[in-house]
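Q: no FASTA, just this:
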Ligand code: HEM
């Protein structure tokens, strides 16, 4: 979907988009299916299937990273052209593009770095069920699929807005973009990742049972880190979600009228 969208926005060539889609299909079918085995390492698989799951799941992040690198190179090029043209706005779908770039960045950080971190069976043996799992889950799930959904929402908003309406709501979309990214980053950096690291070290020192008991969760440093999620969650909701919701509601009432021969917004042509 990211490849199709980048292509629609004129940011990657058809060749690049197709190459990535084929690579992705190959990796999903050839590697991803086996890779999902990282979710059930401990149900009595053989060592061989554990090793396969671990190696193949590590390859899943590759195509999206290639695509994002390609698109951001395009963006740099466009900025150069924009500079030469005296700052004329060449990218009406700029915020869709930025949300798609977020998909690539979170894919790298959330799925790539945080997924890799817990992916090898020897780490997973100690880590599974600790806060490092939701650390990866939040960064990869909201970061990749959540931001992708936001990119689609913003794309649709821009398509059905005329210039005047878009000027009114663009600042909300901008705010929402930063609120969501900073909020999600804050949740991870301020809270779930450090708690996960402390919990993993507690597993190694005192055993898994201890790291999941009140003896660990009630430690003042752990409670303090859990409370640190609050500002990040609030930023995500208040600065991230609400402005976009406002933009959606406002656009519902101010969508531009379809031109002659154009389908009504929301209906297939
Ligand atoms: C966008 C892609 C991805 C998403 C949305 C995603 C999401 C998730 C979620 C929600 C969980 C928690 C599942 C549960 O609690 O049962 C999880 C677990 C896991 N993921 Fe991912 N993931 C992605 C990619 C990856 C990749 C590329 C790797 C490997 C490099 C990976 C490695 C793992 C492992 C090892 C677990 C199990 C951890 C445990 O049970 O403690 N994930 N993932």
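A: Arrived safely, thanks for sending. Computed from a predicted model, the values in this text were never measured in an experiment.
Q: so after the helix or strand of the chain with the lowest mean pLDDT, what's the next helix or strand?
A: Lowest by mean pLDDT, DSSP states H and E among the helices and strands of the chain is helix 62-84, with a mean of 65. Sequence order places helix 94-106 as the next helix or strand after helix 62-84, per DSSP states H and E.
Q: and residue 213, how many neighbours?
A: Neighbourhood size, residue 213 [other C-beta atoms under 10 Å]: 13. The way it works is simple: take the backbone N, C-alpha and C, and place the C-beta from them, glycine included.
Q: May I have the predicted confidence score for it?
A: Here the pLDDT value assigned to residue 213 is 96.
Q: swap in residue 24?
A: pLDDT, residue 24: 78.
Q: At which residues are the strands of the stretch 151-269 of the chain located?
A: Using DSSP state E, counting those that start in this stretch, no strands are assigned anywhere in the stretch 151-269 of the chain.
Q: Near the ligand, which residues of it are found?
A: By C-beta under 6 Å from any ligand atom, no part of the stretch 151-269 of the chain sits against the ligand.
Q: ok, now which ones touch the residue of the stretch 151-269 of the chain found nearest the ligand?
A: Nearest residue of the stretch 151-269 of the chain to the ligand: residue 196, at 9.8 Å (C-beta to the nearest ligand atom). With contact set as C-beta atoms under 8 Å, 6 or more residues apart in numbering, residue 196 has these partners: 127, 130, 131, 132, 133, 134, 135.
Q: List only those of those flagged as buried.
A: 127, 130, 131, 132, 133, 134, 135 (16 or more other C-beta atoms under 10 Å).
Q: Out of those, which comes closest to the ligand?
A: Among these, and counting by C-beta to the nearest ligand atom, the member closest to the ligand is residue 133, at 3.6 Å.
Q: Check the offset of the strand or helix carrying the closest one from the chain's centre.
A: Assigned by DSSP H and E, residue 133 belongs to helix 132-140. Remark: helix 132-140 is offset 11 Å from the chain centroid, using C-alpha atoms, centre = their mean, to the nearest Å.
Q: Widest-spaced pair of the contacts of residue 196?
A: The distance between the two most remote of those (C-beta to C-beta) is 11.5 Å, for 127 and 134.
Q: follow-up on the earlier one: which members of the contacts of residue 196 additionally contact the ligand?
A: Within the contacts of residue 196, those near the ligand by C-beta under 6 Å from any ligand atom are 127, 133.
Q: possible to save the contacts of residue 196 as CSV with pLDDT and distance to residue 223?
A: As requested, those are exported to CSV (pLDDT from 0 to 100; distance: C-beta to C-beta, whole Å):
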residue, pLDDT, distance to residue 223
127, 95, 21
130, 96, 17
131, 97, 13
132, 97, 18
133, 96, 20
134, 97, 17
135, 97, 18
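Q: could you redo the contacts of residue 196 as a markdown table and give each row distance to residue 225?
A: Formatted as a markdown table, the contacts of residue 196 follow (distance: C-beta to C-beta, whole Å):
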| residue | distance to residue 225 |
| --- | --- |
| 127 | 17 |
| 130 | 13 |
| 131 | 9 |
| 132 | 13 |
| 133 | 16 |
| 134 | 13 |
| 135 | 12 |
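Q: Quick check on the nearest residue to residue 127 once chain neighbours are set aside: phi, psi?
A: Spatial nearest neighbour of residue 127, chain neighbours left out: residue 118 (5.0 Å); criterion: C-beta to C-beta, 6 or more residues apart in numbering. Here is the backbone geometry of residue 118 (degrees, to the nearest 10): phi -110, psi 10.
Q: residues contacting residue 118?
A: Here residue 118 is in contact with 124, 127, 128, 132, 133, 136 (criterion: C-beta under 8 Å, 6+ apart).
Q: what's the answer for residue 37, then?
A: Residue 37 neighbours (C-beta under 8 Å, 6+ apart): 45, 49, 50, 52, 53, 54, 56, 57.
Q: are any of the residues you listed buried, and which?
A: Buried among the contacts of residue 37 (16+ other C-beta under 10 Å): 50, 52, 53, 54, 56, 57.
Q: any idea which of those is closest to the ligand?
A: For those, the closest approach to the ligand (C-beta to the nearest ligand atom) belongs to residue 57, at 4.2 Å.
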